[in-house]
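Student: Quick one, what's the 3D model for this:
(one chain, ligands or ions: 1)
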Amino acid sequence: MLNKSYLSFLECGLCRERYDPDELWNLCPKCGKPLLARYDLDAARKVIRPQDLANREPTLWRYLELLPVRDDAYKLSLGEGFTPLIRAARLEDEVGHSPIYVKEEGLNPTGSFKARGLCLAVSRALELGVKSLSIPSAGNAACALSAYAALAGLEAHVYMPVDVPKPFINECRVLGAQVHLVDGLITDCGKIARADLEKYGRFDVSTLKEPYRIEGKKTMGYELAEQLGWKLPDVIIYPTGGGTGLVGMWKAFDEMEKLGWIGPGRPRMVTVQSDGCAPMVKAFHEGKEFAEPWPNARTIADGLRVPAAVGDFLILRALRESKGTAVAIPDSEILEATYILGRTTGIWPAPEGGATLAALLHLKQSGWIREGESVVLFNTGSGAKYSRVWD
Ligand SMILES: *Cc1c(COP(=O)(O)O)cnc(C)c1O
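Tutor: Alright, predicted model coming up:
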């Protein structure tokens, strides 16, 4: 049955060219940059109020009108989203700052927030008639695609670096995906996946290379507002690889203001990367609009090993508009902070989650985060599959 999605058109994030949202698109055919979904928010504003959401299902589908799937028959769900926002009292004591909240994304299906993006991308691809999907991944995205493709009955091809921890490979195989191991980084996986796309007629669901993964990830922004009583925190610290979550939340805040759900105030957005792969941090501090590819990218935080991001200008724009910042942290400190986060919260974090705490410690020490400012750390995934890091 047709639902009340207010999706109205797709718009290029750079050149602003518009496209029909009911056709399949990857990047903007004109300029090669990401397409963003736009909604008729004036119409939605008259119909939905925040208090109407209270009794809805505890998944990201509670924001259905602001999501792109039009027919409920294509709404795939494994219980993704609406993850807990946990007040971390013992962590506050340990680091001498409060309040600190942790958004616990490790509880998503397949153990990371990648489930949000792939849930939407696969649902919408199914709705638009796609049969076979392809993704380059550092591990978590591959698992998430495999799960939603299995649920939908679609073919999934996942391309991962050969050195990806074994549990990621095992999970993809159990979920019925075709696993392709590539001798190289995620960017090399991307190249090989791309070569196979046309040959075999597969649809590419790489980060920001189709318009809907970001729609899944933007729901983190809606959830934060809802869970904090339609207020936003002062600071959000986000471990940034391709940047979908950061750009998505920034988009969600704009949408919510247009819907009349929140005011004009915004959190300061913080990107954290490893100093072994910090293209966004470098570009931010150099005042650049686009980032240069990072040579010899290496870090234990696999999700942050992204030497070049197609949405770089969107990440940098959100950081600057929010008066945020970007910090690079050595892997040794990321690991140390991951253990602190674990033993003070009871969450087994991915190193990417640990990186957000390391960034908080830096920003507190430098005075950039002031006493009493509310901070949200994103634990973007469970640590359980990162066997190499703990062994
Ligand atoms: C993919 C990933 C990231 C990076 O997410 P982006 O939104 O692409 O920047 C961070 N943490 C984990 C655990 C990931 O899997």
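Student: mind listing what the nearest residue to residue 77 once chain neighbours are set aside touches?
Tutor: The shortest distance from residue 77 to any non-neighbouring residue, by CB to CB, 6 or more residues apart in numbering, is to residue 59 (5.7 Å). Every C-beta, even on glycine, is put in place using the N, C-alpha and C of the backbone. Residue 59 makes contact with 77, 79-82, according to CB atoms under 8 Å, 6 or more residues apart in numbering.
Student: And those, which of them are buried?
Tutor: 80-82 (16 or more other CB atoms under 10 Å).
Student: Return the list of strands paired to the helix or strand hosting residue 36, each annotated with direction.
Tutor: Taking DSSP states H and E as the definition, residue 36 sits inside strand 35-39. Using DSSP bridges, strand 35-39 pairs in its sheet with strand 7-12 (antiparallel).
Student: so who does the closest residue to the ligand within the chain touch?
Tutor: Nearest residue of the chain to the ligand: residue 303, at 2.6 Å (CB to the nearest ligand atom). Contact analysis of residue 303 by CB under 8 Å, 6+ apart lists 112, 138-140, 239, 241, 350, 352, 380-381.
Student: how about 10 Å then?
Tutor: Contacts for residue 303 (CB atoms under 10 Å, 6 or more residues apart in numbering) come out as 112-114, 137-141, 186, 239-242, 350-353, 355, 380-381, 386.
Student: Tell me which stretches of the stretch 151-300 of the chain form helices.
Tutor: Using DSSP state H, counting those that start in this stretch, the helices found in the stretch 151-300 of the chain span residues 166-174, 186-200, 213-227, 244-259, 279-285.
Student: Tell me, how many residues neighbour the closest residue in space to residue 182 that isn't next to it in sequence?
Tutor: Leaving aside its chain neighbours, residue 182 sits nearest to residue 189 (4.6 Å; criterion: CB to CB, 6+ apart). Using other CB atoms under 10 Å, residue 189 has 26 other residues around it.
Student: Likewise for residue 17?
Tutor: Neighbour number of residue 17 under other CB under 10 Å is 14.
Student: ok, now the one 4 residues further on?
Tutor: One way to gauge burial is a neighbour count; for residue 21, by other CB under 10 Å, it gives 22.
Student: Residues of the stretch 201-350 of the chain that sit close to the ligand?
Tutor: Residues of the stretch 201-350 of the chain lying close to the ligand by CB under 6 Å from any ligand atom are 207, 239-245, 303, 350.
Student: just checking, which of the residues you listed belong to strands?
Tutor: Judged by DSSP state E, these include residue 239 as members of strands.
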